[in-house]
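*Asks:* build me a model from this:
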Amino acid sequence: MHRPLCFVLMPFGRKSTMAGTLVDFDAVYRELIAPAIEAAGLAPLRADEEMTGGIIHKPMYERLILCEYAVADLSTANANVFYELGLRHAVRPATTVVLYAEESGQLPFDVAPLRAIPYRLGAGGAPGEPSTVCDTLAERLRSARHAEPDSPVFQLVEGFPDIQRLKTDVFRDRVAYAEGIKQRLAAARPEGVEAVRAVEHELGSIEDAEAGVVIDLFLSYRAVEAWQAMIELVDWMSPPLAATVLVQEQLGLALNRAGRSEEAERVLLELITRRGPSSETYGILGRVYKDRWELAATAGDTFLAMGFLSKAIDSYLKGFEADWRDAYPGVNAVTLMEFQNPPDPRRERLIPVVTYAVERRLVSGQPDYWDHATLVELAVLDKDESAAMDAIPHALAAIRETWEPKTTVRNLRLIREAREQRGERLPWARDIEQALVGRNQVAPES
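*Replies:* Numbering: from 1, shown residues only. As a prediction, this is how the structure comes out:
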């Protein structure tokens, strides 16, 4: 009896994910994917099983195009798998199912809206609970026989692949419209929230607007510190866009800034559970606990303040460990260690590591305000007046949005006050604060 073929797109052997987690893909195929395909009444076929004596490309392309079904594992963000998945989506409107290991971290933005099936890893990188996920994958394959298109190309480009000239003209008009909106948003941000809101009114239905425009609007509200507008905008986004890591992280930031820290904490913890650790998610979560620490300390609740301070340090450290290249959570962890009594001795070992991380970014990338501001903060923490004075002009010149230096001023003020309580005085550190306060009339946060 002929069984439809299901082609499997995945790496071979043991590979590490971007988050550093080891995945035994042969075990994943053997214990999870192949049994699920069999249970769905299909015949599994993996690329290495198709190799004969010749070049692999011809059979690979044939299987990608002609196999009735396909399963793709995106756990390592493997370039070959993404290329193959893109080809499959271009020629097959449906019957492609995607899965990934939860411990691998967040999926790239372009594939995040796909209905990917997560699975957890166990010992040695093998699947932790294969039977449960196996049932889910088998059911998804069975339902794919009658499902709506799962290819983003067929879903989003009406009439694909029969694209007429009229359709391409409409496409060009849409591109010009989107670029025009982005230019108006760029002009509106310096004018404030009402100017940004006026541009939003031009968009009509947010759910139907181009994703890039909606994200630009979302971040424009962040630029003018319109936290409630950010929160409300998420409710109007299309569900796939609202569920992306970027939107959920920034929603957590906005909820916290709007005084809804418990909701922010829940959003961020759910994101970590669903997508794995990242420096950005843990960095924002650290800010949530940092704000609670300050509130408890101001209220005189010493023990509660100590608890939130420890949680903030722990979150920032996890963020820095998730990606050593991102100095932001690292410098925040070091800064908060300064406020423990006595100061956490780990900060002395971490300062050089965080400094190296930001220096490498300055050399190899396109540095922004946060890179220069991090060097300023590290120099103050290290009591290095010369390094601080060298870094502050670059930080001032890189300010893009008024809320950015407010955060730095706040950290520097907390460091100075903590040291003054211990009898340590660095008069030049106050000069650094005042330089940031004076830029764009930024008022220090109290």
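
*Asks:* quick one: the strands in the stretch 51-200 of the chain?
*Replies:* Under the criterion DSSP state E, counting those that start in this stretch, the stretch 51-200 of the chain contains strands at 69-73, 96-101, 117-119.

*Asks:* figure out which of the ones you listed is closest to residue 62.
*Replies:* strand 69-73 (12.6 Å; Cβ to Cβ). No exception for glycine: its C-beta is placed from N, CA and C like everyone else's.

*Asks:* what's that closest one in contact with?
*Replies:* 4-11, 25, 28, 33, 36-37, 42, 64, 81, 84-85, 88, 92, 95-101, 137, 141, 144 (Cβ atoms under 8 Å, 6 or more residues apart in numbering).

*Asks:* let's see 7 Å
*Replies:* Residues from elsewhere that reach strand 69-73, judged by Cβ atoms under 7 Å, 6 or more residues apart in numbering: 4, 6-10, 25, 28, 33, 37, 42, 81, 85, 88, 95-100, 141, 144.

*Asks:* try stretch 210-223
*Replies:* Residues contacting stretch 210-223 (Cβ under 7 Å, 6+ apart): 178, 181-182, 185, 188-189, 196, 200, 203, 206, 229-230, 233, 237, 241, 246-247, 250, 401.

*Asks:* redo that, cut-off 6 Å
*Replies:* 178, 181, 182, 185, 189, 196, 200, 229, 230, 233, 241, 401 (Cβ atoms under 6 Å, 6 or more residues apart in numbering).

*Asks:* how about stretch 12-29?
*Replies:* 10-11, 75-77, 101, 103-105, 124-127, 276.

*Asks:* which stretches of this protein have low pLDDT?
*Replies:* Scanning the chain with the threshold set as pLDDT under 70 gives 1-2, 47-59, 106-113, 147-148, 152-177, 439-446.

*Asks:* what's the domain layout of the protein?
*Replies:* Here the domain parsing of the chain from automatic domain parsing is 5-156, 164-243.

*Asks:* how about these, which one is nearest residue 309?
*Replies:* For the domains of the chain, the distance to residue 309 is smallest for domain 164-243, at 24.0 Å, taking Cβ to Cβ.

*Asks:* so the residue nearest to residue 185 when sequence neighbours are not counted is in which element?
*Replies:* Nearest in space to residue 185, with sequence neighbours left out and distances taken as Cβ to Cβ, 6 or more residues apart in numbering, is residue 220 at 4.8 Å. Taking DSSP states H and E as the definition, residue 220 sits inside helix 211-223.

*Asks:* buried stuff in whichever helix or strand comes after that helix?
*Replies:* For helix 211-223, the following helix or strand on the C-terminal side (DSSP H and E) is helix 227-236. Using 16 or more other Cβ atoms under 10 Å as the test for burial, helix 227-236 gives 227, 229, 230, 231, 233, 234.

*Asks:* between the residues you listed, which is closest to residue 429?
*Replies:* residue 227 (29.7 Å).

*Asks:* for that closest one, what are its contacts?
*Replies:* Applying Cβ under 6 Å, 6+ apart to residue 227 gives the contacts 254, 257, 258.

*Asks:* same check on residue 138?
*Replies:* Residues in contact with residue 138 (Cβ under 6 Å, 6+ apart) are 36, 39, 40.

*Asks:* ok, back up a step: from the contacts of stretch 210-223, which is closest to residue 335?
*Replies:* Scanning the contacts of stretch 210-223 for proximity to residue 335, where the rule is Cβ to Cβ, the winner is residue 401, at 20.9 Å.

*Asks:* for the closest one, which non-adjacent residue is closest in space?
*Replies:* What sits nearest to residue 401 in space, not counting adjacent residues and going by Cβ to Cβ, 6+ apart, is residue 223, at 4.5 Å.

*Asks:* and what of residue 36?
*Replies:* What sits nearest to residue 36 in space, not counting adjacent residues and going by Cβ to Cβ, 6+ apart, is residue 137, at 3.8 Å.

*Asks:* who does residue 99 bridge with?
*Replies:* Going by DSSP bridges, residue 99 is paired in beta bridges with residue 73, residue 117.

*Asks:* helices and strands around the helix or strand that contains residue 45, which ones?
*Replies:* If you go by DSSP H and E, residue 45 is part of strand 43-46. The elements that strand 43-46 packs onto, with contact taken as 3 or more Cβ pairs under 6 Å, 6 or more residues apart in numbering; DSSP states H and E, are strand 5-9.
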